[in-house]
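1. need a structure here:
(chains A and B)
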Amino acid sequence: MIKQRLLNLIVMTICFVLVMGFLGLGQNNAAAEGKEIIINFPSIWVGKDSKAKVMDELIAKFNEDNKESIKVVVEEIADYDAYEEKMRTSIAAGSVPDIFIAKAGSKIEPFFKSGKLMDLTSYMNEGWKDRFVGNILNTATYNDKILAIPYEFAITPVLYNEKLLKDVGYDSFPETYDEFFVMCDKLKANGIIPLSLMTSDNAWTAMLWYSQLLHAFGGPDIYEKGFDDPAFVEAARVLKKMFEYTTSDAVGANAAVAAGHFLSGRTVMLINGPWFIGRIKSEGSGEFYTDVAVANAPAYIGEKGEKGGEVGFVQALICAGSQKDKDREAAVVKFLKYLTEPDNVKRLSIDSGALFVIKTEMGEGDEMERLQKQMVELSNNAPYVVPHFNMSVNQEVATEFPQALSSMILGEKSPEQFIETLKEINAR
Amino acid sequence: MEKLSINSKIGIILFLLPIIILFTAFFIYPIGFLLVTSFYKWDGLSAPTLVGIKNYLTLFNDPVFRLSIKNNVGWLLAGGFIQVPLAITVAIFLARKPKGWEFLRTVYYFPNVISVVAISIMWMAIYNSGYGALNGLLKLVGLANLQRNWLGDLHLTYPAVVLYGVFYIGYFMIIILAEISSIPKQYYEVACIDGASRLQQEFYITLPLIRNSICTCMIIAMVYGLRQFEQTYIMTNGGPANKTMVMVLYLFKKMHSFRYGLASASGIILLIMGVFVIVGVRKLFKVEKYQM
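-> I've put the predicted structure just below:
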């Protein structure tokens, strides 16, 4: 009896496996027969992201234009850390998404090295590369192969509350750090908190100020000089001083707290990129948006940095997983080319306030957002653009930066020891 | 012992097969993978390089990792020796069914149905130095000089993060309450006739009879302390200056820095510590093996 049941069980299992196998084969055949190709696109440009609305419309249009041949399916992942982790584990496990977004700099390197990304060089050489500004494709090139598409660009100037500055007698933003600290003292004396700073997560605003200070002291090639350059200690010393002009919760605060202080008018200055413009418009209290202006970070007279030098970087690259199926590869490339069409990029840029590395021409009816326009002007007039600190150092240094920073701010470490710590981490 | 027939043996194997397969797939294989990768330098994407025990040496030479072990020990001790005793005390109190005990039971258990993320964010707001309720309360009662940046202080942040957690006792309280309710009433009646006080009844009847539940709660609380992540990650991200760093967060950060070998090695150390905790607590409570 038991033997009979056991036999039945084995037969049923074999049948099940065979049926599932045939179903799987059926799917493969469907693809081979030229039916609809599904492109999987895990995206962070969803939900509250300023690009979400237009990106959604663009994808819907692409799907409509390619009905029954290609369909882009977006997997929505709003949290960037979770997104990054998922992409990395998916790639490590061998299931590379058809298209995904990645940050440039040291974070993209392991993806390039993995050999699992689509080589776009031949497609780019067919004229596609002409759409991109300058030599920006270098950020997506590894071993002479173009392995991604540089897409969103950002500079991170100072966003400041013009009205609060006027209240203490300033009509314009200071051009040197000496003037800057005089202004901070004046604001403080009037009970106004000058800066929104933070040390939690990636210490974003503090890290951006540090990047500004680094090029102000060390010049545009500061990262090539390494941690032994005195500019690193000098910049750390000034950054520590900046924490005397911030909110009491700055040590331990995250980006939401720092941004919240600025948006509610509690602080005068926040350093951030064009993606933040949307939040100024939507979350700023009262007439806040009209009070906000954009300025270059100050410079140090007599140091190596130049006035107007910007911290700027490719904010997002679009990568594609390598494909065995040529039809599928063609479908992915078609979608990528569609995303980089100047008209589509222009729509994204105008609606979101974000900047892109694709050449676009503004027509008569194209009204660029006020703050975005100011940022573009700053970027165009900049004598040089350098990437921020986190992008320019190895990933472990970037991860440990916030902890070392809070240690310095709380007096546990001197600026020299702060740099020594980063050097030690870098040497591992 | 009666010898089993071949059919019975096949039956046993078939019944056990699903769990063996699942256990192998979801426990044995990942642990094996973790162990193997802990001896490699690996960025998670490209081919790994064998480095022997270098990852373990790097970990023990890293003061942040050593601090994270110390912090985890603090968490597990707080869980086992503050949170569980608190839960026992409240459970014993509620088991006597005083007026409003059902309401209190719900109140104590309620935080368990809210996500740790939401609770952590709420406590971040409470601890905030600018607008937080704690500093507001201190000011209100004339102790403004005690106001601090609770989540940005070298000495206070770790106790602040650990301490709020230990007051969430609902989960353990329910386990112990259920165990107490299974104790026959007659034991207490007899003790009462013999003249035992309330306290004596709890010490000599309740506590010995709920020993196994206490052991379970302690193991759960201490293992939770060992694998502490969410609260720390959300509230402090290990800061300031790594003062609240815990092993899982350390592991997570190493993964984030593409150092999967180091992350695996810290995972193995965490696993070994977990085994020690479970064995230690069971020895402490002298848990007997079930006889077939």
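2. for B:Thr89, give its distance to B:Ile82.
-> 11 Å (CB to CB, to the nearest Å). Backbone N, C-alpha and C define where each C-beta goes, glycine included.
3. those two: who's more crowded?
-> B:Ile82 (17 against 14; other CB atoms under 10 Å in any protein chain shown).
4. pLDDT below threshold where in the chain?
-> Using chain A. A:1-34 (pLDDT under 70).
5. right idea, wrong chain: chain B
-> B:1-2, B:287-292.
6. what are the ranges of the strands in it?
-> B:40-41, B:49-50 (DSSP state E).
7. indicate which one of those is closest to A:Phe173.
-> strand B:40-41 (47.3 Å; CB to CB).
8. give me the helices and strands touching the closest one, please.
-> strand B:49-50, helix B:54-61, helix B:260-284 (3 or more CB pairs under 8 Å, 6 or more residues apart in numbering or on different chains; DSSP states H and E).
9. pairing partners for it, with directions?
-> strand B:49-50 (antiparallel) (DSSP bridges).
10. list the contacts of the strand it pairs with.
-> B:Phe39, B:Tyr40, B:Lys41, B:Trp42 (CB atoms under 8 Å, 6 or more residues apart in numbering or on different chains).
11. try it again with 10 Å
-> B:Val36, B:Phe39, B:Tyr40, B:Lys41, B:Trp42, B:Asp43, B:Gly261 (CB atoms under 10 Å, 6 or more residues apart in numbering or on different chains).
12. again with stretch B:193-203
-> B:88-89, B:92-93, B:95-96, B:180, B:187-188, B:190-192, B:204-205, B:207.
13. in the stretch 51-200 of chain A, which residue sits closest to chain B?
-> Going by CB to the nearest CB, chain B is nearest to A:Ser114 of the stretch 51-200 of chain A, at 3.8 Å.
14. so that residue touches B:Trp42, yeah?
-> No: using CB atoms under 10 Å, A:Ser114 makes no contact with B:Trp42, being 11.7 Å away.
15. anything in contact with each of B:Thr89 and B:Ile82?
-> B:Ile169.
16. hang on, the earlier thing: and for the residue of the stretch 51-200 of chain A closest to chain B, the neighbour number?
-> The burial count for A:Ser114: 19, using other CB under 10 Å.
17. picking up where we left off before, joint contacts of A:Ser114 and B:Trp42?
-> What both A:Ser114 and B:Trp42 touch, as defined by CB under 10 Å, 6+ apart, is the set A:Ala92.
18. surely A:Ile318 is in a strand?
-> Yes: under DSSP: H, G, I helix; E, B strand; the rest coil, A:Ile318 sits within a strand.
19. and the residue of the stretch 1-150 of chain B closest to chain A?
-> Closest point on the stretch 1-150 of chain B to chain A, by CB to the nearest CB, is B:Leu45, at 3.8 Å.
20. from B:Ser257, how far off is the residue nearest to that residue when sequence neighbours are not counted?
-> Leaving aside its sequence neighbours, B:Leu45 sits nearest to A:Ser114 (CB to CB, 6 or more residues apart in numbering or on different chains; 3.8 Å). Noted for A:Ser114: a distance of 16 Å to B:Ser257, by CB to CB.
21. could you do B:Phe39 as well?
-> 19 Å.
22. separate out the buried members of the contacts of stretch B:193-203.
-> B:Ile88, B:Ile92, B:Ala95, B:Ile180, B:Tyr188, B:Ala191, B:Ile205 (16 or more other CB atoms under 10 Å in any protein chain shown).
23. what's the most distant pair in the residues you listed?
-> Pairwise distances across the buried ones among the contacts of stretch B:193-203 peak at 18.7 Å for B:Ile88 and B:Ala191 (criterion: CB to CB).
24. buried ones in the strand or helix carrying A:Ala60?
-> Assigning secondary structure by DSSP states H and E places A:Ala60 in helix A:52-65. For helix A:52-65, the neighbour count (16+ other CB under 10 Å) marks A:Ala52, A:Val54, A:Met55, A:Leu58, A:Ile59, A:Phe62, A:Asn63 as buried.
25. ok, residue 209 - contacts?
-> Reading this off chain A. A:156, A:158, A:195, A:197, A:203, A:235, A:238-239, A:242-243, A:269, A:271, A:297, A:311, A:389.
26. please refer instead to chain B.
-> Applying CB under 10 Å, 6+ apart, the residues near B:Leu209 are B:Glu179, B:Ile180, B:Ser182, B:Ile183, B:Pro184, B:Tyr187.
27. out of the residues you listed, the closest to B:Glu230 would be?
-> Using CB to CB, the contacts of B:Leu209 come closest to B:Glu230 at B:Glu179, 27.7 Å.
28. gap between the closest one and B:Met173?
-> Taking CB to CB, one finds B:Glu179 at 11 Å from B:Met173.
29. distance check, the residue nearest to B:Leu45 against A:Val333.
-> Counting by CB to CB - A:Ser114 and A:Val333 are separated by 20 Å.
30. is chain A contacted by stretch B:216-234?
-> Yes: Stretch B:216-234 reaches chain A (CB under 10 Å from any CB of the partner chain) through B:Tyr233, B:Ile234.
31. what's the first-to-last distance across that stretch?
-> One end of stretch B:216-234 sits 28 Å from the other (CA to CA, to the nearest Å).
32. what is the distance between that stretch and the centre of its chain?
-> Computed by CA atoms, centre = their mean, to the nearest Å, the chain-centroid distance of stretch B:216-234 equals 2 Å.
33. about what we covered before: switch the buried residues of helix A:52-65 over to TSV; also include distance to chain B.
-> Shown next, in TSV, are these (distance: CB to the nearest CB, whole Å):
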residue	distance to chain B
A:Ala52	23
A:Val54	30
A:Met55	26
A:Leu58	30
A:Ile59	28
A:Phe62	29
A:Asn63	31
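34. and the residue of the stretch 51-200 of chain A closest to chain B, what does it touch?
-> Counting by CB under 10 Å, 6+ apart, A:Ser114 has contacts A:Arg88, A:Ile91, A:Ala92, A:Val96, A:Leu147, A:Ser322, B:Asp43, B:Gly44, B:Leu45, B:Ser46, B:Ala47.
35. what about A:Val332, neighbour count?
-> Neighbour tally, A:Val332, other CB under 10 Å: 25.
36. doesn't it belong to a strand?
-> No: read with three-state DSSP, A:Val332 is helix and lies in no strand.
37. spell out for me which residue occupies the centre of chain B.
-> Nearest to the mean C-alpha position of chain B, by CA atoms, centre = their mean, lies B:Tyr224 at 1.7 Å.
38. excluding chain neighbours, what is closest to that residue?
-> B:Gly79 (5.9 Å).
39. these two touch, right, that neighbour and B:Tyr171?
-> No: when contacts are counted by CB under 10 Å, B:Gly79 is not listed as touching B:Tyr171 (11.1 Å).
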